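Q: please find the sequence and the predicted model below.
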Amino acid sequence: MIMGIVSMYVVSRCLLGINCKYNGGNNLNEDVIEFCRNHSVIAVCPETAGKLESPRPPAEHQLVTMPDGSVEERVIDKDGKDRTANFFNGANISMNEVLRKCESTGETIEGAILKANSPSCGSDMIYDGTFAGVLIPGDGIFAGMLKERNVPVMSEKNFKERLNVEEKAEK
């Protein structure tokens, strides 16, 4: 972080204990909560922002053959419903919420700590669409949007290691 510039982190709401997960629960992570006590954060849930209820059927990224024969990556729930629009709408709403906070506070986005493997927030690895717990390389929709803006995206599993490495590199 450059001295004199105030920065914040984007954090998945479920990691803070907010019940917004597909199964109605949360992914409370004490390490993330402790980190948030000492940093400016904005908590988001792109899935509920996209009007997906909690609880709801789980959803995963899948390659789908479209009527014209083209193949597209879509987000399909376990009941077979295409939820791609909900995921993109929620990601856009969440991104706009983050950008509005940056504009109103003068803060910059230092990084994001998002839920690993989520179809919205997963970074580097997401579920393969079979609903069998198989991971493949890829990003969730919101995580991908942040990466397009050069925001470092971490998960609850690797943020401590990643931030320690970055902090040591700055000194």
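A: Done, it's in.

Q: switch to C-alpha atoms for all contacts and neighbour counts from now on
A: Fine.

Q: tell me where this structure has helices.
A: 30-37, 46-49, 84-105, 141-148, 159-170 (DSSP state H).

Q: export the ones you listed to TSV and tack on distance to Ser7?
A: Below are these laid out as TSV (distance: least, CA to CA, whole Å):
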stretch	distance to Ser7
helix 30-37	12
helix 46-49	21
helix 84-105	9
helix 141-148	15
helix 159-170	14
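
Q: quick one: closest of those to Cys20.
A: Closest approach to Cys20 among the helices of the chain (CA to CA): helix 46-49, 6.8 Å.

Q: before we move on, the earlier item: I'd like the helices of the chain as TSV, with mean neighbour count appended.
A: Shown next, in TSV, are the helices of the chain (neighbours: other CA atoms under 10 Å):
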stretch	mean neighbour count
helix 30-37	14
helix 46-49	23
helix 84-105	17
helix 141-148	20
helix 159-170	12
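
Q: number of residues surrounding Gly25?
A: 14 (other CA atoms under 10 Å).

Q: state the phi and psi torsions of it.
A: phi -100, psi -160 (degrees, to the nearest 10).

Q: shaky segments in this structure?
A: Residue ranges of the chain with pLDDT under 70: 1-5, 165-171.

Q: so which residue is dead centre in this structure?
A: Cys121 (2.2 Å; CA atoms, centre = their mean).

Q: Ser70 versus that one, what's the distance?
A: Cys121 sits 26 Å away from Ser70, taking CA to CA, to the nearest Å as the criterion.

Q: rewinding a little: I'd say the residue nearest to the centre of the chain and Asp139 touch.
A: Yes - with contact defined as CA atoms under 8 Å, Cys121 counts as touching Asp139 (7.3 Å).
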